[in-house]
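[1] A structural model of the following input is requested.
(2 chains)
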Amino acid sequence: MPVVNEHSERMRKFKNKGKDAAALRRQRVEVNIELRKAKKDEQILKRRSISFSLIEESLSPAEDKRNEQGVIQLSLEEIVEAVNGSNTELQLQATQATRKMLSRQKDPPINQIIELGIIPRLVEFLTYADNAPLQFEAAWALTNIASGTSEHTKVVVEAGAIPAFISLLASPHMHISEQSVWALGNIAGDGPLYRDAIINCDVIPSLLALVSPVTPVGFLRNITWTLSNLCRNKNPYPPLDAVKKVLPVLICLMQHEDKDIISDSCWAISYLTDGSNDRIQIVVDTGILPRLVELMARPELIIMTPALRAIGNVVTGTDEQTQAAIDAGVLAVLPRLLRHTKPAIQKEAAWTLSNIAAGPCRQIQQLITCGLLPPLVELLDKGDFKAQKEAVWAVANFTTGGTVEQVVELIQSGVLKPLLNLLLAKDSKTILVILDTISNLFLAAERLGEIEKLCLLVEELDGLEKIEALQTHDNNMVYRAALNIIEKYFSGEENPDLQPGTGQDGLYHFSVEKQDFNF
Amino acid sequence: LLFLQRVLLLVASDVDALCACKILQALFQCDHVQYTLVPVSGWQELETAFLEHKDQFKYFVLINCGANVDLLEILQPEEDTFFFVCDSHRPINVVNVYNDTQIKLLVKQDDDLNVPAYDDIFKDEEDEEEDSESESDGSEPSEKRRRFEEDVIERTMKRRQRREWEARRREILFDYEQYEYHGTSSAMMMFDLAWIMSKDLNDMLWWAIVGLTDQWVQDKITQMKYVTDIGILQRHVSRHNHRNEDEENSLSIDCMRIAFEYDLRLALYQHWSLYESLCNTSYTSASLKLWSVQGQKRLQEFLADMGLPLKQVKQKFNSMDMSLKENLREMIEESANKFGMKDLRVQTFSIHFGFKNKFSASDIVYATVSLMENIEKEGPETTNFIKALDSLSRGNLDKLHQGLDLAKKQLRAIQQTVASCICTNLVISQGPFLYCSLMEGTPDVKLFSKPVSLCLLSKYLLKSFVCSTKNKRCKLLPLIMAAPMDVEQGTVIMVGIPPETETSDKKNFFGRAFEKAADSTNSRTLHNHFDMSIIELKTEDRSKFLDALISLLS
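    Sure thing, here's the model as predicted:
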């Protein structure tokens, strides 16, 4: 029948729309992360510029003479002279003095040290294999310079530090090797350009060689963090073959018992899954999803957060990839996270759920079976507003892709009341999504011939007046969507049959109390 | 201040804000800037207006609202949204002060703001991470890390230092945020802006004067600040109006002229009768104690002393004998001195339109307030706002006259309420403060559900009470006043004002005190007003709230 065809055609369109929306939201999260980064950078910059006068002060000669820990204090001129001179004893003293200044808690004089022009010389010291103390002090000083702004990192890289540090990874002295790992982490953390510069110098084999059952925990933490920086950032993503080499080791590190190591390796996985479906596939293929889900259920925020982020990224992928996450048990953990006290976790969990709800109806069925509807409704009702918005998306996607039976079940779980309440939100985007969802619900009701009952239910929950009020909304799209619903379902003169009191049988089929809806 | 995009203008409901708004509108017109004006009477409306418009606008101008809370925290704007805040509310929230990207404050450099130093109240992320390593919050790891000196002793020192730093920070912020007060009038700030841009017009100058006068009428600034700012405006007035003085005769009908004057501190007297004005001006009514029989007698003696016939005094000022009016000010001042009213003369400005119309700045303030808080419903909430705004334009004499009539009603209502409160001993000492509550059913009680009117009433009542009481301790107390707000919802509006002393710095601590008392008793309060010392409260919660306040302030 042409009517049916047209209808299913419509549904298909809606479904696509749902997918687009999911993709859109994924992007939004990316933007957020980038903003967070930008903010942090800005703060660091701010701090430096504000404390500038203090630096001058503490660099004054009078201050320099103060000697705290028996380290010989030198003026900046003396440092330049000693570093460029040939006396190895003085070289070490000057380098150590530099390192001390750079590692004090407050206002490290990074710019001043750079202006002395000694960075190339410090990089040269890295190669003095017969003078381990000098190598170590230089490595530490350079690490701290590379920890500054991009400009600072650039100075270190352009002095040729990358190959020098990479060869030091194999140093017989563990503390020098560890310091080099740290320095390389700072350089890689600067952005995709230096990250790939390091990868192209073949850092990965030497780095991975340092991971062994006897590596001390502190050292291992540094390695994990540096590895995570090698996986971090996009535009472009890290090279595929590098990712494939790092992954097995990351998988190993995720089995470690140290929380920081687990956390950083989860973050690395979250970076790797934050991309196109083929990038996600590489991670799925390692079979790590069950472990991720297990970590997602851990109480510690530093573990739960990145694990949830990674799983959330995976379910933005294909239906098969999403299925892999479901098979790994994600649906059993999500209810707890949807009820978490921290709004950020609620939001991330709801976002994850919304992407699962965007899947085919068999995945929606699993979502129902695993008891996700009650926490979803709770969140919609009482959650943090940002989490509520994600929950709205979850419901929207559900109604787009779900079967009529599934939609009925959704309504029976009490979704309508909090959903309609959110029409009072000030965010027009959210209102639009809700109105779309309501349209979807009516489409389902239409197929059951139950439009009148849904109308009544909406009216009973004060939804009609809210939708009516939206006809005066400033946003044109909201106004039109509201008008559309009113015209389509609420405009006809009151049919006397529909008044409460008549036709009682099945009047509350949609309501929560009655579960025995039959088709 | 050049925008290419449409701007959203959020304006609070007070006369100074309206005046600032008029100046800014004129400037926008000069520069062809498109804008949308939204009046906001409180935080809720501000938030709603922001949420409704945030999709269409990137630039928001806030007038007399927004400075004293953390705007970014409350509104959660996108990164590319910018706020320009011109607000006389003090103290300014420190986050607003130190945000140099999204929030631009329009403040005078020499206003003593006493903002705490950045390093005293903010510590940067790096330091925090160091100390809170153990309680990580699950945020993303940093991209780069510096290696510090690893010295256990140093670390514990750091922790102790940090605790001390935090304690100091709390202390500094407490001192800074304890008192609410007002800085330079927003209308004056806007005028300054216009002046710097060389776009200042005589009309704008008049609005600046009205803005400042509003602060004075509402008792928001000290006498000192008022006189200083009058001086500043006086220089502008002579700059703008000297040309007319030379050619007095060629003054055309539609020309306007502003003049500096030592005028009588009698409300609306040029548009009323002298008698009515004397009776309904807070200063004279309180000084003569007009609520008592003796007071009325004193008024008669006062008039007799001036040698003014009662018939003349009671008729419209405009119709008084010219011969009497000539030396009127001097005569009144002389007699007033004898009756202990030494401050009857004030420095102010007046405006002339052509020959016929003359208004003093305070006339305009009273008229505008009355239009703004008119309780006779005429359409939606914003009608009053728009009407009050319009009345400030030169061409709208009829609206202004309507405002003057309303203002007379308002002043009478205030005076009658003050008299009945004092005669029936409704002002009671609660220990640390005085308290007066208006009952439902009191005449004109509806008028006092509006914040500006209630504040005016409170100030007048406190002045009168101080003159009437013999209790020396009570003279130094602040006052809390409550009036029914919404009978159906069972709420009262409550305002706290600082003590009425000659040297008062006009600083108000009730804002913080209200917050604390509400917190400690779980009272259902609504801190919706831009002045933190005005709140709404559920009637049932009033007594426990007051009890908490008493113990807090004792």
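
[2] distance of the nearest residue to A:Leu338 once chain neighbours are set aside from chain B?
    The shortest distance from A:Leu338 to any non-neighbouring residue, by Cβ to Cβ, 6 or more residues apart in numbering or on different chains, is to A:Pro375 (4.1 Å). Just so you know, the C-beta spots here come from the backbone N, C-alpha and C atoms, and that holds for glycine as well. Noted for A:Pro375: a distance of 20 Å to chain B, by Cβ to the nearest Cβ, to the nearest Å.

[3] so what's A:Pro375 up against?
    Residues in contact with A:Pro375, defined by Cβ atoms under 8 Å, 6 or more residues apart in numbering or on different chains, are A:Leu334, A:Pro335, A:Leu338, A:Arg339.

[4] and what of A:Ile288?
    For A:Ile288, the contact set (Cβ under 8 Å, 6+ apart) comprises A:Ile251, A:Met254, A:Ile269.

[5] what pLDDT does it get?
    We note a pLDDT of 96 for A:Ile288 in this prediction.

[6] One more: A:Arg28?
    If you check A:Arg28, the pLDDT there is 35.

[7] ditto for B:Ser420
    B:Ser420 carries a pLDDT value of 93.

[8] Now do it against A:Asn144, distance only.
    Taking Cβ to Cβ, to the nearest Å as the measure, B:Ser420 falls 75 Å from A:Asn144.

[9] same thing with B:Ser287?
    Note on B:Ser287: its distance to A:Asn144, by Cβ to Cβ, is 72 Å.

[10] For chain A, what's its nearest residue on the stretch 451-554 of chain B.
    Using Cβ to the nearest Cβ, the closest approach of the stretch 451-554 of chain B to chain A is made by B:Asn528 at 16.6 Å.

[11] how many other residues sit next to that residue?
    By the other Cβ atoms under 10 Å in any protein chain shown criterion, the neighbourhood of B:Asn528 contains 16 residues.

[12] try A:Cys201
    So A:Cys201, with other Cβ under 10 Å, has 15 neighbours.

[13] That one: what's it in contact with?
    Remark: with contacts taken as Cβ under 8 Å, 6+ apart, A:Cys201 is in contact with A:Ile162, A:Pro163, A:Ile166.

[14] Tell me how far it lies from A:Ile162.
    A:Cys201 sits 6 Å away from A:Ile162, taking Cβ to Cβ as the criterion.

[15] repeat for B:Phe28
    Going from B:Phe28 to A:Ile162 by Cβ to Cβ gives 55 Å.

[16] likewise B:Gln294?
    Going from B:Gln294 to A:Ile162 by Cβ to Cβ gives 95 Å.

[17] And B:Gln34, by the same measure?
    As defined by Cβ to Cβ, B:Gln34 lies at a distance of 54 Å from A:Ile162.

[18] can you check A:Ala394 too?
    Relative to A:Ile162, A:Ala394 is positioned 46 Å away (Cβ to Cβ).

[19] The two: which is more packed in?
    In this comparison of A:Ala394 against A:Ile162, neighbours counted by other Cβ under 10 Å, the higher total goes to A:Ala394 at 27 against 21.

[20] list the buried ones in the helix or strand where that one lies?
    With elements delineated by DSSP states H and E, A:Ala394 resides in helix A:385-401, which encompasses its position. Buried residues in helix A:385-401, defined by neighbour count with 16 or more other Cβ atoms under 10 Å in any protein chain shown: A:386-401.

[21] likewise stretch B:420-437?
    Of the residues in stretch B:420-437, those buried by neighbour count under the rule 16+ other Cβ under 10 Å are B:Cys421, B:Ile422, B:Leu426, B:Val427, B:Phe433, B:Leu434, B:Tyr435, B:Cys436, B:Ser437.
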